[in-house]
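[1] Need coordinates for the following:
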Amino acid sequence: MPTTKIGAAYDARAAEYIDLFGTTDKLAEQDRKTITTWRDTTTGRLLDAGCGPGHWSEELVSSGVRDVVGLDASTEFVTAARERFPSVAFQQADLAAIPLENRSVGGILAWYSIIHTPPADLPKILSEFSRVLEPGGSALIGYFDGEPGEAFDHAVHTAYYWSAEALEELLAEHGFVVEQASARQEPDARRRLGDLVARLIA
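    Sure thing, here's the model as predicted:
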């Protein structure tokens, strides 16, 4: 499914999404801990790939002056992010065609931003991650943990499960090594949550 359709789906529900999830204090404390711990191990420019309304982008800059760029397919999200967090550069973009130079970022946050990507299209995005990331840089990826490639109904748009093992195999094809991975079940949550850190070695 083209990213433009995903962006349009989020445009239609942007106000609702921002109200429910648009600040980090409304999200799981474990997510904040995972992201800030990863952030503090990175150097250089950071990319929030699939930044939504910008709340995690702001978290990336909150520990000090960091160069952060946020990209999202949703026009409404990018507009809201620019208004809410002017310290970050936001741009509408397709993650399969990232508008950044080769080897120009030290870390990539992809926090549940690949969940709507059909499995056959995910290698295009991972290739772009590999292209823009500096050797030795890392990516933190959040996903729904389950049977790899299995589709499920999501409130906004069809989404897909992944596992650490399946993502590790795909990432290896693009020069990444997975350094750590975890999964958890939040109380009252319908689905298991997963995240991993992968470092670019090629």
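[2] Could you list the low-confidence segments of the protein?
    For the chain, the stretches with pLDDT under 70 are 1-3, 12-14, 17-27, 63-65, 202.
[3] Break down it into its helices, ranges please.
    Assigned by DSSP state H, the chain shows helices spanning 3-12, 14-21, 29-39, 55-61, 75-84, 122-132, 164-172.
[4] Let's have the ones you listed in JSON lines, adding mean neighbour count.
    Bear in mind the C-beta positions are built from the backbone N, C-alpha and C, glycine included. Converted to JSON lines, those look like this (neighbours: other Cβ atoms under 10 Å):
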{"stretch": "helix 3-12", "mean neighbour count": "18"}
{"stretch": "helix 14-21", "mean neighbour count": "15"}
{"stretch": "helix 29-39", "mean neighbour count": "15"}
{"stretch": "helix 55-61", "mean neighbour count": "23"}
{"stretch": "helix 75-84", "mean neighbour count": "19"}
{"stretch": "helix 122-132", "mean neighbour count": "20"}
{"stretch": "helix 164-172", "mean neighbour count": "17"}
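[5] For the lengthiest strand in the chain, which helices and strands make contact with it?
    Looking across the chain with DSSP state E, the single longest strand is strand 133-145. Judged by 3 or more Cβ pairs under 8 Å, 6 or more residues apart in numbering; DSSP states H and E, strand 133-145 is in contact with helix 29-39, strand 105-111, helix 164-172, strand 176-184, strand 192-200.
[6] For the residue most central in space within the chain, give me its contacts.
    Against the mean C-alpha coordinate of the chain, by Cα atoms, centre = their mean, the closest residue is Ala110 at 1.7 Å. Ala110 makes contacts with Ala49, Gly50, Leu95, Phe129, Ala139, Leu140, Ile141, Gly142, as judged by Cβ atoms under 8 Å, 6 or more residues apart in numbering.
[7] With distance to His154 added, can I get those in CSV?
    Output for the contacts of Ala110, formatted as CSV (distance: Cβ to Cβ, whole Å):
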residue, distance to His154
Ala49, 18
Gly50, 14
Leu95, 17
Phe129, 22
Ala139, 22
Leu140, 21
Ile141, 17
Gly142, 14
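[8] So which of those wins on neighbours?
    If you count neighbours using other Cβ atoms under 10 Å, the busiest of those is Gly50, which has 29 neighbours.
[9] gap between the nearest residue to that one once chain neighbours are set aside and Arg199?
    Residue nearest to Gly50 in three dimensions, not counting chain neighbours: Ser113, with 2.2 Å by Cβ to Cβ, 6 or more residues apart in numbering. Taking Cβ to Cβ, to the nearest Å as the measure, Ser113 falls 19 Å from Arg199.
[10] Compare those two and say which is more crowded by neighbours.
    Between Ser113 and Arg199, counted using other Cβ under 10 Å, Ser113 has the larger neighbour count: 24 against 19.
[11] Can you verify my assumption that the residue nearest to Gly50 contacts Leu47?
    No. With contacts counted by Cβ atoms under 8 Å, Ser113 stays clear of Leu47, the gap being 10.7 Å.
[12] Please produce CSV containing the helices and strands packed on strand 133-145, extended by distance to Arg84.
    Putting these into CSV (distance: least, Cβ to Cβ, whole Å) gives the following:
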stretch, distance to Arg84
helix 29-39, 17
strand 105-111, 17
helix 164-172, 31
strand 176-184, 28
strand 192-200, 24
